[in-house]
Structures are given as C-alpha cells and as structure tokens.
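Undergrad: Predicted model and sequence below, questions to follow.
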Amino acid sequence: MRDFFLKNGLLSKHIKGFSERESQIKMAEKISSAIDRSSPLVIEAPTGVGKTFAYLLPIFHKDKKAIISTATIVLQHQLFEKDIPLISELFDKDVKVEILKGRQNYLCLLRFFNEKNKTDVKREKDLYNLISQWIGFTEKGDFSEIEDVSVSDSAIRKINADKNFCTGKNCPHFKECFFYRARKRCIDADIILVNHHLFISDLAIKSSDFGSILPPVDVVVIDEAHKFENIASVQFGESFSLRMLAIFFNQLPAELRLKYVQQFDFLYEKENLKLNKNEQAGRITGEQKRYFKILKETISMLIEDLKLIDEEDFELKNNLVKRAGNFINFVDLIDNKDFVSFYQIEDKSLMFRNIPLDVSEKLSNLFTAYYPCVIFTSATLSVGNSLQFFKKSIGLDRAEEYIFPSVFNYKENTLLYVPINIPDVAANGFVEESVEHIVDIIEKIGGKTFLLCTSLRNVKLFAEYLKKYNNLNVLVQGEGSNAFLIERFKEEENSVLIGSFSFWEGVDIRGEDLSCVIIDRLPFNRPDDPVFSEKSSRIENSFKNYAIPLAVLQLKQGMGRLIRDENDKGVFIILDKRIQQKWYGRFFYKSLFDLNVVHEKGKVLEFIYKKIINS
C-alpha cells in the first residue's frame, strides 16, 4: 500500500503536483488493515492529509464493494466526477459507481404528468416545458442535471418523488420510476455514494425488518463523520407538522374527508397547540399533550376506515395507513423516557420532534449485523487528543482509532490572537468594543475575513457596527444565499462575511481570498436547547463531559475554514477571553492546532505585515 503514495509511486506519476505525505500513507495502511480484518475504524484526518485517496486506494486495490456516505452533496460530486474516475484510470478498472440521493432529488413521472397542465404560472409552465424535453433523454431523472434548478424550488417540490405521494408498485409509471431504478442500479454497483440521511434511513429500515434500500457491501466509509450522530438521532426519531397533516388529509378519499372534516379543522388550527408565541423552540407540555391525544384518537378511527377500502379502488391506501401509523408512533413516544419531545421553528415552519437521547447501542448493533467493516473519518473528531467522545456517541467504543497530525505548518503560517482587554462576552458593550478593537486588523489585512458568530443576534450586531466603516464591504448572512455571499466575498475587495453556524463548516476558500477567521465566542450549546438540556441532565458532570466536548468540536470546525492548503497563511481571532482565563480553556487549547497564541495586537499587525502582506 505504501508504494502507491511514495514520491515515485503510482499517484505521483498521474497527478500533477502530488507530494508524498506520511499521514496519508499511514491512513491508507490502517484502512487496508481494517478491511482485511473486517473491523471498525475511526480516524481523524485534518485537511491536507488527502483522506479520500487514503480510503479509495485500499478499496480499489482489494476489489471491495463499498458504500461511501458523506454529509454534503459537494463531496459526493467530487468523488463521483473527479476522485473515483482518477483512481479507476490508475488501476485500469471499469468500476460501476452510482450516486443514490434522497427522493426529493428525483422526478416523479406520475406527479409531473398530473401537474404540468394545471399551472397558470408562466415560470412554472416554462420550467415544466423544459422538463418535458429533458424526460426524453435523461436516464436518471436527477434534477441536478438541469442547470439552475434547485430541489427547494416550489415548482420542483410539486413533481419530485416525495414518499407522501408514492403508490409504489401500484403506480402506472413504476417500471420507469427514476428513484426505484436508481435503487436497482445500486445492486450491481461496485461503489455506492449516498448522504448520511439516506444511509441512516437504510439502517432504520433494516432494524424494522421491512427490507432495505442499500445492498450488502464489504466496507462502508463514513466521510464527514462529525455530523453522523446528530443526523442518526433525527432519523431514528419521529416528526410531526401541520403541513404533514394537511397533505395527509387532502389525499384521503372524498367520503373520509367529509366524515372527518370537523376533527381536522380542529387539528389544523395552530392556536389549539397552545404554544408560547415568543419561543422558537420548547419542550412538549401538558397543553400540547392534550392536542396530541385528540390527534391519536382521530387517526386511530381513520385507520380502521382506511382498512375497509379496497386497494384496487384507492392506490394510496397502504401509503396512508403507514403514514397514519407514523402519526400514532409519534404520539406514543412523547412520554417515552428514552426520547426528548420538543417543537422548533425550522425554515419558518413549525416542526415537532421526538429524538432518542442515545443512539449508540442501536448503531452498534446495526453495524455489527450489517456493516462490520465501517470506517469513520473527518477532520474534526477528537477532543483533547482522544476520539473516545465520538466513538462512544456512535456505539463503537472499542473500535481502533488514529489521530493523524496536520500536514500544515500552523506555527509558521498562522497566529491565534486572544485579546484580553475587551469586555466579557456577556457584557453590554462586548460587540461594539470588539469591533473597535479588531477593525484595524481587518483593514490591515484588506478585508478577507470571516466573522463567525454563535447567534443570529450577534450576526446583526456585528454587521451594524462594522457597516459604519465605509471602506469595508460587509456581507451578512440572510442578505442573499450562502453560495451567492461566498462568491461575492471572493470577488469583491475588502470583504468581511458575517455569518452564524451555516458558515462554520462546508466552506472551502483557498489562497489569499480568506486570511482571517474571527470567532465571537466559544460555541457552547444554549442551555435551553431541549435535546442538549435533557442529555445534560442524564450525564454526570455534564459541563465537562458533554458541553465542553461539543463546543471544542464546533470551534475546530469554525477555525478549520482558514487554512485549506499548505501555502495558506492567516490569523485566527477568538474574542472570548474565557478560553484564556477560565479553567476549561485548556481543553480547547489542547484540542487545537499547534500554533502560537498572542494577546498583544501589535504582534498580530507585525505578523500580518511580514507573513501576509510581504510574503
């Protein structure tokens, strides 16, 4: 395995600029060994190690069938369009690779043919005419094939393969169904690319003995693994919304809609949920439990009526019975001590959730039964030079673990500035005085700064004060799509991009365009967050054993935006002096890159002049 990665090896002969990296070699060797033993492995591989080649090479070399699960579509397409074709060419192998996405990414022929002549909206008509032509030559029915079409578009949501509208084998277009054909192609694929949501959905189906989405494979790679446990918690839970209820009711046969119209009129009314209008999230209380008791009684009667209908007379019968059962499952879980029940505003819509407090045992059992060789990897998994916190969360306490050092020279190319002469983060003047303190650093560097905040409130406050400096181009989350803001940030001079957690990860800006990352405060979870507070109440010394590790991992994600290449240089600024003055600060420092920490602004300006301006 080592020979592939040496400076005169196979990769260097085919990849321009390839350099030998000991961390990458060792990672590939560990993965190769895990595949031979069919055992789990957890690896932290910082940016620059080259982790995709480190797991692809062993898979190809050993002719193994694999599933690769990612958190982002960006990485999926990088693997599909660039990395896997390159490795296939190196090994001269005709490898069959399939991407399987969630249902919302595929066209539903039944919904499309029903919808295309209904609309009077010109934009939708033009789009549907374009799709009519596309159907003539597309093999996969994946909306990403159509330029400038988003799966979040309301017109696309009317015609996608939403499971709420799926009649399965009863559909007249079942044999041509793009989603089911994609699933079928995966059976014969050598490598299957999925996202974490779909992979965990498959695990959930396997655990319920209702079949599977994905076929058996030799090895599973979970890339971008830092998001896996949170996604698993949501996928293994149950959800409910008034929108789900409305879709369900409107799909009922006319006679049942008429019979239950009064009950559903009550259930539709948001006021009957007795929510606190000033809260964005909260626990389900007695007031909401009374609502859900009525919901369960209504749905239980409705299920019995649905069962009396002949399936040949009503194709959606089985779909509706299953979804009605999910509503009842949701209600039954509200008082389950192993779940936390809450509501929150998601994308401006009200959503109720039941989330399991611990998914580790379930994941452990499922991996043992179906995927004994599973490789978890990410740039940010460790806390204090240990992977135990992550391993415990996914039920792989005994899995072999490795933390590889960064290939970047942080000591030479970066600096961490923690000012201690500014107010505490909880003080009234914190944001205003922080801006006054750091603005000359931002100006000196020529903008090129991400200011990552832990709340939307701070995003607005920092934007308000920084916009007073007319020489800075201040870009603010919410004033355009994230992708649009990032493009402006790269193209426009003196740019400062201010954002909350959606900018803390998944953003890759290399070179001089990004030279400074500022963190407003240590990213501790809100104590009133329903899931966090309930989990904390069940963990001994929860601040040290739960709150700090979560904050450490989030901080590493945010700081990871800065150095993306061995030639990158820049400044980190943490405006929260608790990292320097509180006892728990050492846990953060111990988990960060090996870099120099300073508290004097003069040293920062000197570093900028020497390393960034005159480099």
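TA: Here it is on my side, so go on. Residues are numbered from 1 along each chain as shown.

Undergrad: Give me the distance between the nearest residue to residue 215 once chain neighbours are set aside and residue 229.
TA: Distance criterion CB to CB, 6 or more residues apart in numbering; nearest residue to residue 215, sequence neighbours excluded, is residue 187 at 5.0 Å. (C-beta placed from N, C-alpha, C; glycine too.) Residue 187 is 29 Å from residue 229, where distance means CB to CB, to the nearest Å.

Undergrad: and if you look at residue 25?
TA: With the distance defined as CB to CB, residue 25 ends up 29 Å from residue 229.

Undergrad: again with residue 549
TA: 12 Å.

Undergrad: What segments of the stretch 51-200 of the chain are helices?
TA: 51-61, 73-78, 84-91, 109-115, 122-135, 154-157, 178-187, 196-207 (DSSP state H, counting those that start in this stretch).

Undergrad: could you redo the ones you listed as a markdown table and give each row mean neighbour count?
TA: Conversion of those to a markdown table gives the following (neighbours: other CB atoms under 10 Å):
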| stretch | mean neighbour count |
| --- | --- |
| helix 51-61 | 23 |
| helix 73-78 | 16 |
| helix 84-91 | 17 |
| helix 109-115 | 17 |
| helix 122-135 | 14 |
| helix 154-157 | 15 |
| helix 178-187 | 18 |
| helix 196-207 | 20 |
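
Undergrad: With mean pLDDT and distance to residue 254 as new columns, can those be given to me in JSON lines?
TA: Shown next, in JSON lines, are the helices of the stretch 51-200 of the chain (pLDDT from 0 to 100; distance: least, CB to CB, whole Å):
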{"stretch": "helix 51-61", "mean pLDDT": "95", "distance to residue 254": "54"}
{"stretch": "helix 73-78", "mean pLDDT": "86", "distance to residue 254": "40"}
{"stretch": "helix 84-91", "mean pLDDT": "91", "distance to residue 254": "51"}
{"stretch": "helix 109-115", "mean pLDDT": "92", "distance to residue 254": "17"}
{"stretch": "helix 122-135", "mean pLDDT": "92", "distance to residue 254": "27"}
{"stretch": "helix 154-157", "mean pLDDT": "92", "distance to residue 254": "25"}
{"stretch": "helix 178-187", "mean pLDDT": "94", "distance to residue 254": "29"}
{"stretch": "helix 196-207", "mean pLDDT": "92", "distance to residue 254": "32"}
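
Undergrad: can you redo those as CSV with distance to residue 342?
TA: Formatted as CSV, the helices of the stretch 51-200 of the chain follow (distance: least, CB to CB, whole Å):
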stretch, distance to residue 342
helix 51-61, 35
helix 73-78, 28
helix 84-91, 40
helix 109-115, 32
helix 122-135, 36
helix 154-157, 26
helix 178-187, 31
helix 196-207, 20
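
Undergrad: For residue 310, which of those helices is the nearest?
TA: Proximity to residue 310 (CB to CB) singles out helix 109-115 among the helices of the stretch 51-200 of the chain, at 20.2 Å.

Undergrad: so how far is that closest one off the chain centroid?
TA: 30 Å (CA atoms, centre = their mean, to the nearest Å).

Undergrad: Renumber starting at 639 from here on
TA: Sounds good: first residue 639 from here, last item helix 747-753.

Undergrad: Against which helices or strands is it packed?
TA: On a contact count with 3 or more CB pairs under 8 Å, 6 or more residues apart in numbering; DSSP states H and E, helix 747-753 meets helix 760-773.

Undergrad: so who does residue 714 touch?
TA: Going by CB atoms under 8 Å, 6 or more residues apart in numbering, residue 714 touches 708, 737, 831, 833.
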